[in-house]
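Student: Sequence first, then the predicted structure:
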Amino acid sequence: MLERLADEIPRFFSWSNMLLLGEAMAITLAMTLVGCVLGFLFAFIIAFTRQVPGILTLPFRTAAILFVEVFRRIPFLVVLFLVLFFIQAVAQGTSLFTVAVVSICIYSTAYIADIIRGGFESVARQQIEAAQAMNFSRWQILKSIIVPQSWPVVLPPAVAFMVGFIKDTSLVSQIGVFELTFRGRELNNMGFSGILVFGTIAFLYFAISYPLARWGQWLEKRLAR
């Protein structure tokens, strides 16, 4: 095996293969960032909707709760295929990258919405009641009281979710997106050793996620102050 690896390493780490893997890394990172950032924005809207009282907003609160409860209990791979078949039915020709981003957005929205809800509920109820007594609007309470105090609770687990989800993006290779795992399978099918190929793929996943994890730790310490 060592002789085979010694023979394959120079050919495997050729310029063309490195460009291929570099492009796959960029696609993996782009899918995660775009999908999770959009998911964070939609999750904020859902979490806010769940906090709005009143009979008129009951259907919206119910829809928000159902969305979170349903998609938090469905595997990401199933969500991916549901989105793929739905988009193919209504908008043929949509790129697989778009399908992957939409799937990640839906999945991350459901999980991050629960994180944001927990952050909102961590704010002392007395402060909200005091603001209401001072005739603050719902938006003013959210902007001036709830959001500033919930950031330290929300951001660290949200970043941790995004970092952890980088690994799950390997599942989008099942629909043919040219990310790291897909390219690894291609190189393995070209005859390169599986240990060499997927050892390199594992290192590249680590290289993507580790800096983001360190940034999340730094952010958590900074917000704690």
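Tutor: Cool, the structure landed.

Student: contact partners of stretch 154-174?
Tutor: With contacts defined as Cβ atoms under 8 Å, 6 or more residues apart in numbering, stretch 154-174 is touched by 28-29, 31-33, 36, 40, 76-77, 80-81, 96, 100, 103-104, 107-108, 111-112, 115-116, 118-119, 179-182, 185, 205, 208-209, 212-213, 215-216, 219-220, 223. From N, CA and C alone the C-beta is placed, and that goes for glycine too.

Student: Restricted to buried residues, select these in ChimeraX.
Tutor: Typed into ChimeraX, the line below selects the buried ones among the contacts of stretch 154-174, using 16 or more other Cβ atoms under 10 Å:
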select :28,29,31,32,36,40,76,80,81,100,103,104,107,108,111,112,115,116,119,179,180,181,182,205,208,209,212,213,216,219
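
Student: And the spatially most central residue of the chain, what's its pLDDT?
Tutor: Central residue check for the chain by Cα atoms, centre = their mean: the C-alpha nearest the mean position is that of residue 36, 3.7 Å away. Per-residue confidence (pLDDT) for residue 36: 89.

Student: For it, which residues are in contact?
Tutor: Under the criterion of Cβ under 8 Å, 6+ apart, the contact partners of residue 36 comprise 104, 105, 108, 112, 161, 162, 165.

Student: Kindly recompute the last result at 10 Å.
Tutor: Under the criterion of Cβ atoms under 10 Å, 6 or more residues apart in numbering, the contact partners of residue 36 comprise 43, 101, 104-105, 107-109, 111-112, 158-159, 161-163, 165-166.

Student: what does residue 21 give?
Tutor: If a contact means Cβ under 10 Å, 6+ apart, then residue 21 has 12, 13, 180, 183, 184, 187, 197, 200, 201, 204 as its contacts.

Student: Let me know the pLDDT of it.
Tutor: Per-residue confidence for residue 21 comes out at a pLDDT of 91.

Student: Any regions of this structure where pLDDT drops low?
Tutor: Within the chain, the stretches falling below the threshold (pLDDT under 70) are 1-5, 223-225.

Student: now, which of the contacts of stretch 154-174 lie within helices?
Tutor: Using DSSP state H, the members of these that fall within helices are 28-29, 31-33, 36, 40, 76-77, 80-81, 96, 100, 103-104, 107-108, 111-112, 115-116, 118-119, 180-182, 185, 205, 208-209, 212-213, 215-216, 219-220, 223.

Student: about what we covered before: ok, the residue nearest to the centre of the chain to residue 57 distance?
Tutor: Summarising the geometry, the distance separating residue 36 from residue 57, computed by Cβ to Cβ, to the nearest Å, is 27 Å.

Student: try residue 203
Tutor: Separation of residue 203 from residue 57 (Cβ to Cβ) stands at 49 Å.

Student: how close does the nearest residue to residue 97 once chain neighbours are set aside get to residue 77?
Tutor: In this structure, residue 97 finds its nearest non-sequential neighbour in residue 177, 6.1 Å apart by Cβ to Cβ, 6 or more residues apart in numbering. Distance, residue 177 to residue 77, by Cβ to Cβ: 13 Å.

Student: repeat for residue 146
Tutor: As judged by Cβ to Cβ, residue 146 and residue 77 stand 35 Å apart.

Student: Please list all residues in contact with residue 100.
Tutor: Residues counted as contacts of residue 100 (Cβ under 10 Å, 6+ apart) are 27-28, 30-32, 34-35, 80, 83-84, 169, 171-173, 175-177, 179.
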